[in-house]
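K.L.:
Can you look at this prediction? I've put the sequence above it.
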2 protein chains.
Amino acid sequence: MTASVQHRHPPCIEFWFDFGSNYSYLSAMRIEELAGAAGVSVAWKPFLLGVIYRELGWKEPPFVTQVEKGRYAWRDTQRQARKYGIAFKLPSVFPRIALLPSRVAILGAQQPWQAAFCKNVMQQNWVLDQDINEAEQVLAALAGLVEDPARTLEQAQSDANKLKLREQTQLAREKGIFGAPTFFAGDEMFWGDDRLEDALRWFATPPAT
Amino acid sequence: MTASVQHRHPPCIEFWFDFGSNYSYLSAMRIEELAGAAGVSVAWKPFLLGVIYRELGWKEPPFVTQVEKGRYAWRDTQRQARKYGIAFKLPSVFPRIALLPSRVAILGAQQPWQAAFCKNVMQQNWVLDQDINEAEQVLAALAGLVEDPARTLEQAQSDANKLKLREQTQLAREKGIFGAPTFFAGDEMFWGDDRLEDALRWFATPPAT
């Protein structure tokens, strides 16, 4: 096992997430403040977790297949949200398809509006219980963040950008990602919202085997 | 969702664990100090997680079935152990059958030696890489804790005590347990070593829906 960390300036944590993932939601609402306090920048990495699940041979999300675990996960998410002071409403649809907002999110890579857009979409799903895969919601989530939301949405639907999301999802698979959220501190992978703090701390941890 | 907590004097956290579970190991080595600091007593509840998995229709532990997740879980356990200052060595057999020590552990319910015995067995599995289902190891884990280890082992093998373990495992199933460790703070269930602190905090949390 290697524990090397690429020391960039500043260090950058990769945040791999899916808009339909409840624990990704918790991380999306927490990561900027925590990373800022740790002097770490954040690279938001949207991907399609459903594609990964299928490639792993899982027909549905584990929370759907494993009924007992799924029931518990909702209670746990509610408790965690309360602990963190984050709004949370059990959505009427799970998991929500998030192809359209994911395309927009990947178009926004390294754009100043990306993080705010992603958090808007997360709140649509996890607080407002809205269908995030509809243009209406995506436009609302872009409002005030880009000059021309309709144009941004159009760009997100270009073949080149669609390919970008497919490639990013494939990269997630190659990196060994099997769930969301997943964080990378250099080469070190951390899975789950409850490892966010550990992932940020990793940059300051001396290498060990 | 109910959030009622039974306020006993002192409050008592139920710690449901399996000796073959890596995250149960971490909790076993942490719970006494944390619970003590929180003014909470600990009820150690050994059960057979493999029986639960079979009843849930899972042929193997999730970490075995889901290769990617399993590989990650070892790295995660290693990191968590290091964070907590707990020794950890990847065992050569996983999951280890733990029928014999579990019978002894349940015989020790409410006995002063139970916790120390359980921690001894955990260390045999997760530090010394020993076969914990052998009488030799069970006797070693009892040494110095009970007057006559051989007699204790014999009592553990009585029909009445065997039944006790089966009943406790069935109770785990009825309580909705699907993994280990699982904690109960009153009626509130918490799954996973990383929820231990939350479970202890629950006793001081005002009820909410």
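P.N.:
That came through fine. Just so we're clear, the structure is a prediction, and the values are computed from it rather than from any experiment.

K.L.:
Remind me which helix or strand residue A:80 belongs to.
P.N.:
Using DSSP states H and E, residue A:80 sits within helix A:67-84.

K.L.:
Would you map the helices across chain A?
P.N.:
A:22-38, A:49-55, A:62-65, A:67-84, A:99-107, A:114-126, A:135-142, A:149-156, A:159-174, A:196-202 (DSSP state H).

K.L.:
And the first one, what does it pack against?
P.N.:
This means helix A:22-38. strand A:12-17, strand A:41-46, helix A:67-84, helix A:114-126, helix A:196-202 (3 or more CB pairs under 8 Å, 6 or more residues apart in numbering or on different chains; DSSP states H and E). Bear in mind the C-beta positions are built from the backbone N, C-alpha and C, glycine included.

K.L.:
now for the helix holding residue A:80, which elements pack on it?
P.N.:
helix A:22-38, helix A:62-65, strand B:188-191.

K.L.:
counting contacts, what elements does the last one pack onto?
P.N.:
The reference is to strand B:188-191. The contact analysis (3+ CB pairs under 8 Å, 6+ apart) places strand B:188-191 against helix A:67-84, strand B:182-185, helix B:196-202.

K.L.:
Please work out which of those is packed deepest.
P.N.:
Mean neighbours per residue, mean count of other CB atoms under 10 Å in any protein chain shown, is largest over the helices and strands packed on strand B:188-191 for strand B:182-185, with a mean of 24.

K.L.:
Any part of that one near chain A?
P.N.:
No. Counting by CB under 8 Å from any CB of the partner chain, chain A is not contacted by strand B:182-185; separation bottoms out at 9.2 Å.

K.L.:
Now the residue nearest the centre of chain A: closest residue in space that isn't a chain neighbour?
P.N.:
Note on chain A: the residue nearest the mean C-alpha position is residue A:17, at 2.0 Å, using CA atoms, centre = their mean. Excluding the flanking residues, the one nearest residue A:17 by CB to CB, 6 or more residues apart in numbering or on different chains is residue A:24, at 3.8 Å.

K.L.:
Hmm, residue A:30 and the one you found touching each other?
P.N.:
No. If you go by CB atoms under 8 Å, residue A:24 and residue A:30 don't touch, sitting 10.8 Å apart.

K.L.:
between the two, which one's more packed in?
P.N.:
A count of neighbours by other CB atoms under 10 Å in any protein chain shown puts residue A:24 above the other of residue A:24 and residue A:30, at 26 against 17.

K.L.:
residues in contact with the more buried one?
P.N.:
A:17-18, A:122, A:180-181, A:193 (CB atoms under 8 Å, 6 or more residues apart in numbering or on different chains).

K.L.:
ok, now residue A:138?
P.N.:
For residue A:138, counting by CB under 8 Å, 6+ apart, the contacting residues are A:100-101, A:104, A:121, A:132, A:149, A:153.

K.L.:
Reformat these into CSV and put neighbour count and distance to chain B next to each item.
P.N.:
Output for the contacts of residue A:138, formatted as CSV (neighbours: other CB atoms under 10 Å in any protein chain shown; distance: CB to the nearest CB, whole Å):
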residue, neighbour count, distance to chain B
A:100, 20, 28
A:101, 29, 26
A:104, 27, 28
A:121, 28, 26
A:132, 27, 25
A:149, 19, 37
A:153, 19, 34
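
K.L.:
export the helices and strands packed on strand B:188-191 to CSV and tack on distance to residue A:41 and mean pLDDT?
P.N.:
Formatted as CSV, the helices and strands packed on strand B:188-191 follow (distance: least, CB to CB, whole Å; pLDDT from 0 to 100):
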stretch, distance to residue A:41, mean pLDDT
helix A:67-84, 21, 94
strand B:182-185, 36, 98
helix B:196-202, 29, 97
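
K.L.:
and of these, who's closest to residue A:128?
P.N.:
helix A:67-84 (14.5 Å; CB to CB).

K.L.:
when you compare where the closest one runs with where helix B:159-174 runs, what's the angle?
P.N.:
If you take axes from the mean of the first three to the mean of the last three CA atoms, to 10 degrees, helix A:67-84 sits at 70 degrees to helix B:159-174.

K.L.:
Would you convert the helices and strands packed on strand B:188-191 into a markdown table that also reports distance to residue B:164?
P.N.:
Converted to a markdown table, these look like this (distance: least, CB to CB, whole Å):
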| stretch | distance to residue B:164 |
| --- | --- |
| helix A:67-84 | 24 |
| strand B:182-185 | 19 |
| helix B:196-202 | 24 |
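
K.L.:
ok, back up a step: between the helices and strands packed on helix A:22-38, which gets nearest to residue B:188?
P.N.:
Nearest of these (CB to CB): helix A:67-84, 8.4 Å.

K.L.:
who in chain A is up against chain B?
P.N.:
Residues of chain A lying near chain B (CB under 8 Å from any CB): A:1, A:56, A:58, A:62, A:66, A:68-69, A:71-72, A:75-76, A:78-79, A:82-83, A:176, A:178-179, A:189-191, A:194-195, A:198, A:208.

K.L.:
Please work out which residues outside the lowest-mean-pLDDT helix or strand in chain A touch it.
P.N.:
Between all helices and strands in chain A, the lowest mean by mean pLDDT, DSSP states H and E belongs to helix A:62-65, at a mean of 74. By CB under 8 Å, 6+ apart, the residues outside helix A:62-65 that reach it are A:58-59, A:69-70, A:73, A:94-95, A:179, B:62.

K.L.:
and the closest residue to residue A:103 other than its chain neighbours, what is it in contact with?
P.N.:
What sits nearest to residue A:103 in space, not counting adjacent residues and going by CB to CB, 6+ apart, is residue A:156, at 4.2 Å. The contact partners of residue A:156, taken as CB under 8 Å, 6+ apart, are A:100, A:103-104, A:106-107.
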